[in-house]
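A.B. asks: A predicted structure for the sequence below; I have some questions about it.
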4 protein chains.
Amino acid sequence: MGSRSEAGSAAGSVTQLADQLRSFAEEREWQQFHTPKNLAMALSGEVGELLAELQWLTPDQAAQVMADPQAGARVRAEIGDVMIYLVRLADVLDIDLVGAATDKLADSARRYPVEIARGSAAKAPRS
Amino acid sequence: MGSRSEAGSAAGSVTQLADQLRSFAEEREWQQFHTPKNLAMALSGEVGELLAELQWLTPDQAAQVMADPQAGARVRAEIGDVMIYLVRLADVLDIDLVGAATDKLADSARRYPVEIARGSAAKAPRS
Amino acid sequence: MGSRSEAGSAAGSVTQLADQLRSFAEEREWQQFHTPKNLAMALSGEVGELLAELQWLTPDQAAQVMADPQAGARVRAEIGDVMIYLVRLADVLDIDLVGAATDKLADSARRYPVEIARGSAAKAPRS
Amino acid sequence: MGSRSEAGSAAGSVTQLADQLRSFAEEREWQQFHTPKNLAMALSGEVGELLAELQWLTPDQAAQVMADPQAGARVRAEIGDVMIYLVRLADVLDIDLVGAATDKLADSARRYPVEIARGSAAKAPRS
């Protein structure tokens, strides 16, 4: 859990990451490739690679995947790739990523009141 | 761009979001459903919905999608859903999401030096 | 199993389906939207909807999903959508879909000899 | 276009492919891994790899991708992988793949009458 505290210790870390990714693209003149459609495809491709790391594992194996140094490192790297393209896509569209997620969570809280949703898979959030 | 500055103004926003999502799941006893494989599938499903918003647009239309109030709101909501499942998956796996992305970006910087990668689609980052 | 036999009873069923989808698009003047990138995005979107049907089910529940008339109908419809966009994409790219799959299967047979691969998840095929 | 005619010349090719894939899995004792959820994840992973082949191309480049022997071979291989997992998933669920697609096409024909849908991206089929 310490790792998450570190993530939070840098104020505005998503903003900083977005700034770094924008500079990275600009320095390489890659803005021309970073259209919303292209970035959405890249995001989907990276999610596919993440799924490939988990697909043949049993639920128990997947729950322990981070305890395996090699598999854990691959999963962390793929999650990093997914985050990179998600942050970059949100930046190109000028969407506040954390704000968009927070608004959707508030919406889910209204649609799935605790007393009704408790323990029911059928009520798990769907957009 | 103001929206991104706001996102950064709350220190540790990804950490706070992870905490909120964990509480949301615990209150509803949904931890049982939030296995790594299930969350990865949900992440992929939400990315699919995001792609569906962009798939028939021309590149120009997609670049202007946020200027359309209705389509823009749908894209923002889908991006929020993607972020929710990505943050929740990283939390369940105890992965520092921003740290994982930052490490991958440093890796890409080594693999794609500016002087070589400039303007070349072929050198766009692949995991 | 009878259903699969029916599928095979019509010679060239994938070819016929590709012809029907091409006519469907031409009649509506949708060829302009059916570019390889757009169709690949649509394919990914439909796979996302298919995953959404299975994501919160336990492995046992997922194995029995077709026994539930409503959930089974939804899964069948989503698989139909995935097939539609896959056939359409292959047609637009002039790729023989069954031939491409048969060639990849032959490749996997070489890479995963029975005596080595038996029972090993680690050897499950990866492209 | 000749390739598609060949695809059709073998009667029941999807059925034959499903049979071959079932034998392939049984010989390697991989049925244990080929659950609906795992196969759906694998399908999504392969679609991600297909998108990765197209994501940085312009629409014009993507339309010509099969004219490049190397890129074309990669796209064909990825489409083959997607077909493999789609056929295998449908087989495990005992779903007639071509029949499911044909039914959805008939449904789309009802929802998108030619005179209304002509030339309108907004009316492009959504499941």
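C.D. replies: Good, I have the coordinates.

A.B. asks: report how many residues lie close to the closest residue to A:Val98 other than its chain neighbours.
C.D. replies: The shortest distance from A:Val98 to any non-neighbouring residue, by Cβ to Cβ, 6 or more residues apart in numbering or on different chains, is to B:Ser13 (4.4 Å). C-beta: built from backbone N, CA, C; applies to glycine. Neighbourhood size, B:Ser13 [other Cβ atoms under 10 Å in any protein chain shown]: 26.

A.B. asks: please tell me how far B:Ser13 sits from chain C.
C.D. replies: 26 Å (Cβ to the nearest Cβ, to the nearest Å).

A.B. asks: would you map the helices across chain A?
C.D. replies: A:2-9, A:13-27, A:36-54, A:59-63, A:69-92, A:97-111, A:114-117 (DSSP state H).

A.B. asks: OK, contacts around A:Ala18?
C.D. replies: If you count contacts by Cβ atoms under 8 Å, 6 or more residues apart in numbering or on different chains, A:Ala18 has them with A:Val87, A:Arg88, A:Ala90, A:Asp91, A:Leu97, B:Arg4.

A.B. asks: do that again at 6 Å, thanks
C.D. replies: A:Ala18 makes contact with A:Val87, A:Asp91 under the criterion Cβ atoms under 6 Å, 6 or more residues apart in numbering or on different chains.

A.B. asks: next: A:Ile79.
C.D. replies: So A:Ile79 contacts B:Ala90, B:Ile95, B:Ala100 (Cβ under 6 Å, 6+ apart).

A.B. asks: run through these and flag the ones next to chain A.
C.D. replies: Within the set of the contacts of A:Ile79, contact with chain A (Cβ under 6 Å from any Cβ of the partner chain) is found for B:Ala90, B:Ile95, B:Ala100.

A.B. asks: okay, the second one: pLDDT?
C.D. replies: Here, the pLDDT recorded for B:Ile95 equals 97.

A.B. asks: surely it is in contact with A:Val75?
C.D. replies: No - using Cβ atoms under 6 Å as the test, B:Ile95 is too far from A:Val75 to be in contact (7.4 Å).

A.B. asks: going by mean pLDDT, which of the helices of chain A comes out lowest?
C.D. replies: helix A:2-9 (a mean of 41).

A.B. asks: returning to that earlier point: out of the helices of chain A, which is the most enclosed?
C.D. replies: helix A:36-54 (a mean of 26; mean count of other Cβ atoms under 10 Å in any protein chain shown).

A.B. asks: and that one, what does it pack against?
C.D. replies: With contacts taken as 3 or more Cβ pairs under 6 Å, 6 or more residues apart in numbering or on different chains; DSSP states H and E, helix A:36-54 sits against helix A:69-92, helix B:36-54, helix D:36-54.

A.B. asks: just the C-alphas of the longest one, formatted as PDB.
C.D. replies: I take that to be helix A:69-92. Provided in PDB are the C-alpha atoms of helix A:69-92 (Å, rounded to 0.1, in the frame of the first residue of the first chain):
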ATOM      1  CA  PRO A  69       8.800 -11.100 -10.000                       C
ATOM      2  CA  GLN A  70       8.800 -11.600 -13.700                       C
ATOM      3  CA  ALA A  71       5.000 -11.800 -14.300                       C
ATOM      4  CA  GLY A  72       4.500  -9.000 -11.800                       C
ATOM      5  CA  ALA A  73       6.900  -6.800 -13.700                       C
ATOM      6  CA  ARG A  74       5.100  -7.500 -17.000                       C
ATOM      7  CA  VAL A  75       1.700  -6.700 -15.500                       C
ATOM      8  CA  ARG A  76       3.000  -3.400 -14.000                       C
ATOM      9  CA  ALA A  77       4.600  -2.400 -17.300                       C
ATOM     10  CA  GLU A  78       1.400  -3.100 -19.200                       C
ATOM     11  CA  ILE A  79      -0.700  -1.100 -16.700                       C
ATOM     12  CA  GLY A  80       1.800   1.700 -17.100                       C
ATOM     13  CA  ASP A  81       1.300   1.600 -20.900                       C
ATOM     14  CA  VAL A  82      -2.500   1.700 -20.500                       C
ATOM     15  CA  MET A  83      -2.200   4.700 -18.200                       C
ATOM     16  CA  ILE A  84       0.200   6.500 -20.600                       C
ATOM     17  CA  TYR A  85      -2.300   6.300 -23.500                       C
ATOM     18  CA  LEU A  86      -5.300   7.100 -21.300                       C
ATOM     19  CA  VAL A  87      -3.600  10.200 -19.900                       C
ATOM     20  CA  ARG A  88      -2.400  11.200 -23.300                       C
ATOM     21  CA  LEU A  89      -5.900  10.800 -24.900                       C
ATOM     22  CA  ALA A  90      -7.600  12.800 -22.100                       C
ATOM     23  CA  ASP A  91      -5.000  15.500 -22.500                       C
ATOM     24  CA  VAL A  92      -5.500  15.700 -26.300                       C
END
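
A.B. asks: let me know the angle separating that helix from helix B:97-111.
C.D. replies: Here the directions of helix A:69-92 and helix B:97-111 differ by 90 degrees (axes from the mean of the first three to the mean of the last three Cα atoms, to 10 degrees).

A.B. asks: for helix A:69-92, the distance to its chain's centre please.
C.D. replies: 7 Å (Cα atoms, centre = their mean, to the nearest Å).

A.B. asks: center of chain A, which residue is that?
C.D. replies: With distances taken as Cα atoms, centre = their mean, the residue of chain A nearest its centroid is A:Met83 (4.5 Å).

A.B. asks: distance of that residue from B:Thr58?
C.D. replies: 28 Å (Cβ to Cβ, to the nearest Å).

A.B. asks: what separation do you get for the residue of chain A found nearest chain D and D:Ala117?
C.D. replies: For chain A, the residue closest to chain D is A:Gly48, as judged by Cβ to the nearest Cβ, at 1.7 Å. With distances taken as Cβ to Cβ, A:Gly48 is found 31 Å from D:Ala117.

A.B. asks: try A:Leu57
C.D. replies: To D:Ala117, A:Leu57 is 43 Å away according to Cβ to Cβ.

A.B. asks: now do A:Val98
C.D. replies: Relative to D:Ala117, A:Val98 is positioned 39 Å away (Cβ to Cβ).

A.B. asks: distance of A:Val75 from chain C?
C.D. replies: A:Val75 is 15 Å from chain C, by Cβ to the nearest Cβ.

A.B. asks: so that residue touches A:Ala52, yeah?
C.D. replies: No - counting by Cβ under 6 Å, A:Ala52 is not a contact partner of A:Val75; they are 10.4 Å apart.

A.B. asks: much appreciated, bye for now.
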